[in-house]
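Student: using only what follows, build the 3D model:
(one chain, ligands or ions: 2)
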Amino acid sequence: MTLVCSQPGLTVHGWRLGASAVLVPLAKAMVGAAHSHIWLEPMLAGYLGFILADLGSGIYHWGIDNYGDGSTPVFGNQIEAFQGHHKWPWTITRRQFANNLHALARAVAFVVLPIDLACNDPVINAFAGVCSGCIMFSQQFHAWAHGTKSKLPPLVVALQDAGLLVSRSQHAAHHREPYNSNYCIVSGVWNELLDKNKFLRH
Ligand SMILES: [Zn+2]
Ligand SMILES: [Zn+2]
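Tutor: Ligands and ions are numbered 1, 2, ... in the order given. Now for the predicted structure:
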């Protein structure tokens, strides 16, 4: 069974908007780097964006897991979706790609599109493109963390094993008592540090 959104047009629209908000700065960063022949700084900025996206995903996930409900302004839908996810974790693997991503894609487009339009600096564009891309795809990385090893694409399993995507075992701990650890869902690189310091405990 595949879970389909009740408004498929809106879902695809949100996803496309987010995808362009991510692809435009990445393209601008590459064109800018090619023109100036400076690649190292944009690549480091992209790496920083990847690392910070994981931290951002953890803080956001912790916030919507622990505060508010379906009636909360702006974040209500996300809060309901995440709280529902804890009751029925397996359903995330049956969601359509665009259905899983469109809410975050819309938020990303809202924040990143103005940067895309205003800024031509390859370093800032590399950071914005990678960071927002990872945040937008975090729900897909999360869905893969709920997947069965034998059914996941081999590349995904390899990236999970290498620690570049949040691992299945690390995220499984988020769904075990006391349900207050491993909130980061991009690479999971921040989870150990945040959990050891009880940074996101309440
Ligand atoms: Zn959660
Ligand atoms: Zn989960």
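Student: how about the longest helix along the chain: buried residues?
Tutor: Determined from DSSP state H, the single longest helix within the chain is helix 8-36. Neighbour-count burial for helix 8-36, counted by 16 or more other Cβ atoms under 10 Å, picks out 11-12, 14-15, 17-19, 21-22, 24-26, 28-30, 32-33. Where C-beta positions appear, they are placed from N, C-alpha and C, glycine not excepted.
Student: helix or strand for the residue minimising distance to the centre of the chain, which one?
Tutor: When Cα atoms, centre = their mean is applied to the chain, the residue found nearest the centroid is S138 (2.1 Å). Using DSSP states H and E, S138 sits in helix 122-145.
Student: before we move on, the earlier item: contact partners for the residue nearest to the centre of the chain?
Tutor: 53, 57, 104, 185-186 (Cβ atoms under 8 Å, 6 or more residues apart in numbering).
Student: now render those residues as CSV, adding secondary structure.
Tutor: CSV is the format used below for the contacts of S138 (DSSP: H, G, I helix; E, B strand; the rest coil):
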residue, secondary structure
A53, helix
S57, helix
L104, helix
I185, coil
V186, coil
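Student: quick one on the thing from earlier: and the angle from the longest helix of the chain to helix 122-145?
Tutor: Relative orientation of helix 8-36 with respect to helix 122-145: 140 degrees, computed using axes from the mean of the first three to the mean of the last three Cα atoms, to 10 degrees.
Student: and helix 8-36, what other elements does it pack with?
Tutor: helix 40-66, helix 97-118, helix 122-145 (3 or more Cβ pairs under 8 Å, 6 or more residues apart in numbering; DSSP states H and E).
Student: pick the most buried one from these.
Tutor: When you average the neighbours per residue for each of the helices and strands packed on helix 8-36 (mean count of other Cβ atoms under 10 Å), helix 122-145 leads with a mean of 24.
Student: quick check: mean pLDDT across that one?
Tutor: For helix 122-145, mean pLDDT is 95.
Student: can you show me the CA trace of it as CSV?
Tutor: Presented in CSV, the C-alpha positions along helix 122-145 are these (Å, rounded to 0.1, in the frame of the first residue of the first chain):
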residue,chain,number,x,y,z
PRO,A,122,29.7,30.9,-4.7
VAL,A,123,30.6,30.2,-1.0
ILE,A,124,27.2,31.3,0.3
ASN,A,125,25.4,29.6,-2.5
ALA,A,126,27.2,26.3,-1.9
PHE,A,127,26.4,26.5,1.8
ALA,A,128,22.7,27.4,1.2
GLY,A,129,22.2,24.8,-1.5
VAL,A,130,23.8,21.8,0.3
CYS,A,131,22.3,22.7,3.7
SER,A,132,18.8,23.3,2.5
GLY,A,133,19.0,20.3,0.2
CYS,A,134,19.9,18.0,3.1
ILE,A,135,17.2,19.5,5.3
MET,A,136,14.7,19.0,2.5
PHE,A,137,15.7,15.4,1.9
SER,A,138,16.0,14.6,5.6
GLN,A,139,12.5,13.0,5.6
GLN,A,140,13.8,10.7,2.8
PHE,A,141,16.9,9.9,4.8
HIS,A,142,14.6,9.3,7.7
ALA,A,143,12.4,6.9,5.6
TRP,A,144,15.5,5.0,4.5
ALA,A,145,16.5,4.6,8.2
